[in-house]
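1. just to be clear, the model below is a prediction. Sequence and coordinates:
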Amino acid sequence: MSENQDQFNRGGFYAFIFSMTFVFAFMFYLVAIHPGVNLDEKVVDPHDQQGPAVEQFDIQKVAEPWVPNDEVAAYGKKLFQINCAMCHGNEGKGDGPAGAGLNPKPRNLVEGKWTHGSGLVSHYKVLSEGIPGTSMASYAHFKPADRWALAQFIESITENKGSDDPAKVAEFAKTAK
């Protein structure tokens with residue numbers, strides 16, 4: 001009777017030996033032979049309309065991102081599309097898909113009925129602190145240059161533009177974090 005059991009177990013034993021041999025051979029290949037993954041690739045934003053031939057804009061190289069600048073506002077638009085459009089909509093009209101379920105509804109940034117003031121400084125403060133009692137969260141985790149870029153984009157699309165004194169904006173920017 002024990003001879004019959006050995007014959008049935010022999011197939012399982014062979015399968016186990018084959019599996020272990022395959023695993024060790026594959027691990028040896030991965031560790032010793034395979035060249036690895038090249039992490040030095042240049043990733044191109046698929047939403048970038050300019051294509052890979054144009055040098056990418058680096059907001060960190062802008063010394064004063066609070067000074068009105070078309071490149072900074074364009075960078076802010078990209079940040080807006082990634083982080084804000086779900087609630088505020090692609091055009092900033094407060095009609096984003098996630099905004100439909102929020103109470104109160106997201107602000108129409110184009111119309112610009114501001115509750116915390118208009119202008120770059122006010123937009124920057126709202127981005128940094130959020131608005132308590134609403135679903136407008138704080139974006140203090142963003143780098144200051146990114147918040148300034150978003151503020152510039154918002155100011156560029158609104159019909160209710162602020163009249164900030166450039167000297168006061170610069171003074172505020174030097175103390176803002």
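-> Okay, I see it.
2. show me the contact partners of stretch 88-104.
-> Here stretch 88-104 makes contact (Cβ atoms under 8 Å, 6 or more residues apart in numbering) with 80-81, 84-87, 105-111, 134-135, 154, 157-158. To be clear about C-beta, it is placed using only N, CA and C from the backbone, and glycine gets the same treatment.
3. chain center to the longest helix along the chain, what's the gap?
-> Ranked by residue count, the top helix of the chain under DSSP state H comes out as helix 2-28. When distances are taken as Cα atoms, centre = their mean, to the nearest Å, helix 2-28 is centred 50 Å away from the chain's centroid.
4. now it: average pLDDT?
-> Across helix 2-28, the average pLDDT comes to 83.
5. buried set for that helix?
-> Using 16 or more other Cβ atoms under 10 Å as the test for burial, helix 2-28 gives no buried residues.
6. among the contacts of stretch 88-104, which are located in helices?
-> Phe80, Gln81, Ala85, Met86, Cys87, Ile154, Ile157.
7. of the residues you listed, which is the most crowded?
-> When neighbours are counted by other Cβ atoms under 10 Å, Ile154 leads these with 29 neighbours.
8. my guess is that residue contacts Val110. True?
-> No - taking contacts as Cβ atoms under 8 Å, Ile154 lies outside contact range of Val110: 9.5 Å.
9. look at Val31 and tell me its secondary structure.
-> Using DSSP: H, G, I helix; E, B strand; the rest coil, the secondary structure recorded for Val31 is helix.
10. and for the one 10 residues further on?
-> Here Glu41 takes the coil state, with states given by three-state DSSP.
11. can you pull out the low-pLDDT segments for the protein?
-> Along the chain, segments meeting pLDDT under 70 span 1-8, 45-55.
12. if I look at Asp146, how far off is Gln152?
-> Noted for Asp146: a distance of 11 Å to Gln152, by Cβ to Cβ, to the nearest Å.
13. of these two, who's got more company?
-> Gln152 (25 against 19).
14. where's the more buried one, which helix or strand?
-> Using DSSP states H and E, Gln152 sits in helix 144-157.
15. show me what the helix or strand following that helix is packed up against.
-> Using DSSP H and E, the next helix or strand after helix 144-157 towards the C-terminus is helix 166-175. Applying 3 or more Cβ pairs under 8 Å, 6 or more residues apart in numbering; DSSP states H and E, we find helix 166-175 packed against helix 120-129.
16. the helix it packs on vs helix 144-157, what angle?
-> Compare the direction of helix 120-129 with that of helix 144-157 by axes from the mean of the first three to the mean of the last three Cα atoms, to 10 degrees and you get 130 degrees.
17. name the residues that touch helix 120-129?
-> In contact with helix 120-129 (Cβ under 8 Å, 6+ apart) are residues 66, 114, 116-117, 136, 138-140, 142, 147-148, 150-152, 154-155, 162, 164, 168-169, 172-173, 176-177.
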